[in-house]
Structure formats: structure tokens, C-alpha cells
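Novice: quick one: sequence plus predicted model below, questions after.
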Amino acid sequence: MPNVTVIAKPLLQKNDQIAAANRRLLESKGLVGINVMSAPGSGKTTLLQKTVELLGPSRCAVLVGDLQTTRDADRLAAAGAPVVQINTGRGCHLTAAEVADGLAALDLAGRSFLFIENVGNMVCPAGFALGEHKNAVLMSLPEGDDKVAKYPTLFQAADVVLLSKIDLAEVMDFDEQRMRDDLAQVNSRAPLLRISTRSGAGLQAWLDWVQAIRPA
Ligand SMILES: Nc1nc2c(ncn2[C@@H]2O[C@H](COP(=O)(O)OP(=O)(O)O)[C@@H](O)[C@H]2O)c(=O)[nH]1
Ligand SMILES: [Mg+2]
């Protein structure tokens, strides 16, 4: 299948070049970038709302990708940070070029953290670098304990895994040890943080992880 290789490789190379330029831009302005990925509904926007509030809106900027609507941008703007919503139409993930356009529309001066909420999807986002320094992958407890095993590529890309909505543990059948065993098979370096934006559990550990990020 040489044609597939010939076509796909330059596309990914181009994306990687733009991602590298995005990373340089962030570093020149003193920011670290965090790419937040998960299935739709895992709690990305809610976590970023809390994160912006707790870190301080003046330290943060946010890009958010969805196929349609500005609903997430509206929620994140209410938390006080500058936000750009990227509508991908049919696109199941953000690209580095879309992030470059988003960065151009954000005032990054004096800020420390760029959070990128990727399009909700457990497959496509992990294949496209955006210029981030770290990848945060959420999975929520109601999604079921088999998701790491079923979607390993997403979890392989993670620098941290957030098990979200742990306040629902009592009402769900979720075998956490099974999920941890699956994670150990695909990614032994990413810490697993148990969080709930509802109860506040684990949020300090997440903030500590974010604030420890340094450009590579
Ligand atoms: N019980 C519970 N619900 C949550 C938690 N975090 C988010 N949710 C709910 O999950 C739904 C999806 O959250 P959202 O942040 O929009 O997810 P996203 O699609 O990944 O951005 C919303 O109804 C949230 O209120 C949590 O920690 N516990
Ligand atoms: Mg969202």
C-alpha cells in the first residue's frame, strides 16, 4: 500500500511541523500547553471550569473543540478565562492548524497555562499533536471499566489519567482494579488520579500535577 503511506505521511508531517511551531509560540510566551482528551461527557469542560477558577483565570487560557456550538466556550468563559471555541464541522479531533488559528485569537501575555479541550472522541485525537507539552486523558466511572482495554491508543498517549466522577462509585459496577491492570499493560508511566468535580476529591492532586509541568 505505498500510496497510502505517501499520502498520509506528509499530512502528519505537516501537522507535526505546525504543532512544533505552536509549542515554540507557547514557550516564547512562558506557557505550558495541556491537551485534554476523553469520550464525550467524561467531564472535561467541568474539570476545566474548576481548574480555571482554582488556578486563577488570569493565569489561564483555553481552546475548546467541538463539532458544533459554543456551549463549552460559554461555560469556560463564565469561569473567567479567555476562550476560543473551534468548531470542526465533521472533524473528530483538533488539528495543529486549528490550534494555531485559535492561539492567534487569544491574548496569551502574562498567562501560564493553555488548556486545550479536544473533541470528545476516544480514537482520533490521540493521533494528532497540537503543540501541547502534556496530554491529560479522562475516563469517567460511568463509562465502564473496560474502556482502557478497548481504546488503548488514547491511554498510551496519556501523561496523566484522570478517573472522573468517582462520586458515582456507589451506584455503578466498576471494577477499578481491572481498569488499573489494563492501564498497566498499555501505559506504566502515567499516574492515575481519582477525581470528582462534584465532591472536589482529587482536584488538589490534579492542580499540583498541572503546576509541576515544565517545558521539556
Ligand atoms: N456526578 C458527577 N457528574 C459530573 C462530574 N463531572 C462532570 N459531571 C457531569 O457530566 C456531564 C458531562 O460533563 P462535561 O464537563 O460537559 O463533559 P465533557 O463532554 O467531557 O466536556 C455534565 O452533566 C456534568 O455535570 C463529576 O465529577 N461527578
Ligand atoms: Mg466539553
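Specialist: That came through, no problem. Ligands and ions are numbered 1, 2, ... in the order given.

Novice: mind listing the helices for this protein?
Specialist: Listed in chain order, the helices of the chain (DSSP state H) span 2-28, 44-55, 71-78, 96-104, 147-150, 152-156, 176-186, 203-211.

Novice: any idea of the pLDDT on the residue nearest to the spatial centre of the chain?
Specialist: Centroid-nearest residue in the chain, with CA atoms, centre = their mean: Val36, separated by 0.6 Å. Note for Val36: predicted pLDDT of 98.

Novice: separation between it and Gln68?
Specialist: Using CB to CB, to the nearest Å, Val36 is found at 19 Å from Gln68. Bear in mind the C-beta positions are built from the backbone N, C-alpha and C, glycine included.

Novice: what residues does this protein put near ligand 1?
Specialist: 38, 40-46, 120, 164-165, 167-168, 196-198 (CB under 6 Å from any ligand atom).

Novice: mean confidence score for stretch 162-179?
Specialist: Rounded to a whole number, the mean pLDDT of stretch 162-179 is 97.

Novice: buried sites along that stretch?
Specialist: Buried residues in stretch 162-179, counted by 16 or more other CB atoms under 10 Å: 162-166, 174, 179.

Novice: coming back round to it: isn't the residue nearest to the centre of the chain right up against Ser42?
Specialist: No. Using CB atoms under 8 Å, Val36 makes no contact with Ser42, being 9.5 Å away.
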